[in-house]
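> sequence unknown, structure follows:
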């Protein structure tokens, strides 16, 4: 067993203290990053949920407005397909409408989700002044926007956690 001199003991304690400080700093950085990650995940989940709710209201509002104002199938807004059955039974369908549009006129009134040709639609069927009107809204742009929001939230989560960890390590 070797005896240490007084100076060697002090140096050993300083090195032990520095190692302990570095370890504590890494643990603090990890805890801060995890805490920020949890907060950002919760905020992101709430934002994503609220965005979905707002989109659903906007889609319903847009379909309701189209159905209420549709007098023929030629003036359908972009991304919306229309089918109208006149009291005489004659059916008119907008150009490039999926085949399911005509069949919706035989179903029940109200909102539904429809898939046709690999595209997801939200549909509204309503009776109006002796006519039955079906409107389909292509949900592709809406889904694309939601995917971009989700990607942005994930990127913000990663950047925030990395920034928090880096900041704590530097301090």
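It's in. For clarity, every value in this text was computed on a predicted model and none was experimentally measured.

> Please identify the helix or strand for the most centrally placed residue in the chain.
Most central in the chain under Cα atoms, centre = their mean is residue 146, positioned 3.4 Å from the mean C-alpha point. For residue 146, the host element (DSSP states H and E) is helix 140-170.

> Partner strands of the longest strand anywhere in the chain and their direction?
Counting residues, the longest strand in the chain under DSSP state E turns out to be strand 119-128. Within its sheet, strand 119-128 is paired with strand 110-116 (antiparallel), strand 131-138 (antiparallel), according to DSSP bridges.

> Give me whichever of these is most buried.
Using mean count of other Cβ atoms under 10 Å, the stretch among the strands paired with strand 119-128 with the largest mean neighbour count is strand 131-138, at a mean of 23. No exception for glycine: its C-beta is placed from N, CA and C like everyone else's.

> out of the strands paired with strand 119-128, which comes closest to residue 67?
strand 131-138 (4.9 Å; Cβ to Cβ).

> Quick check: mean pLDDT of the closest one?
If you average the pLDDT over strand 131-138, you get 93.

> And the contacts of it?
For strand 131-138, contacts defined as Cβ atoms under 8 Å, 6 or more residues apart in numbering pick out 59, 62-63, 66-67, 70, 76, 79-87, 97-98, 100-101, 104-105, 109, 114, 119-127.
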